[in-house]
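Asks: Sequence first, then the predicted structure:
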Amino acid sequence: MCYCSGLIKAIDAYIEKADKDLKKRLKKEGFAEVDTTIEAASELEESIANTLKEQTAMFTADLN
């Protein structure tokens, strides 16, 4: 059983607000494809996070 669902909801709400603020700022600064830019940045961030998790797992496996 997970007792952190409230925390997860709060984090998701924070990320959603940050994305909205970023979209507004990018539009204000003249970016043409704001939604596409945000989506690409999110995909890149997820890819980097996955790579770092994999490398961490390989590194810690070598320590055992």
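Replies: Thanks, I have it. Numbering: from 1, shown residues only.
Asks: residue ranges with poor pLDDT in this protein?
Replies: 1 (pLDDT under 70).
Asks: That one: helices as residue ranges?
Replies: Under the criterion DSSP state H, the chain contains helices at 5-28, 34-63.
Asks: I'd like those laid out as TSV, including mean neighbour count.
Replies: To be clear about C-beta, it is placed using only N, CA and C from the backbone, and glycine gets the same treatment. Below are the helices of the chain laid out as TSV (neighbours: other Cβ atoms under 10 Å):
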stretch	mean neighbour count
helix 5-28	11
helix 34-63	10
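Asks: For Phe31, grab phi and psi.
Replies: Dihedral pair for Phe31: phi -70, psi 140, per degrees, to the nearest 10.
Asks: and it, what does it touch?
Replies: Thr37 (Cβ atoms under 8 Å, 6 or more residues apart in numbering).
Asks: distance of it from Ala57?
Replies: 36 Å (Cβ to Cβ, to the nearest Å).
Asks: Then Glu29?
Replies: Distance from Glu29 to Ala57, by Cβ to Cβ: 38 Å.
Asks: Also Asn50?
Replies: Counting by Cβ to Cβ - Asn50 and Ala57 are separated by 11 Å.
Asks: swap in Asp12?
Replies: 25 Å.
Asks: What of Ala18?
Replies: For Ala18, the distance to Ala57 - Cβ to Cβ - is 28 Å.
Asks: Thank you, goodbye.
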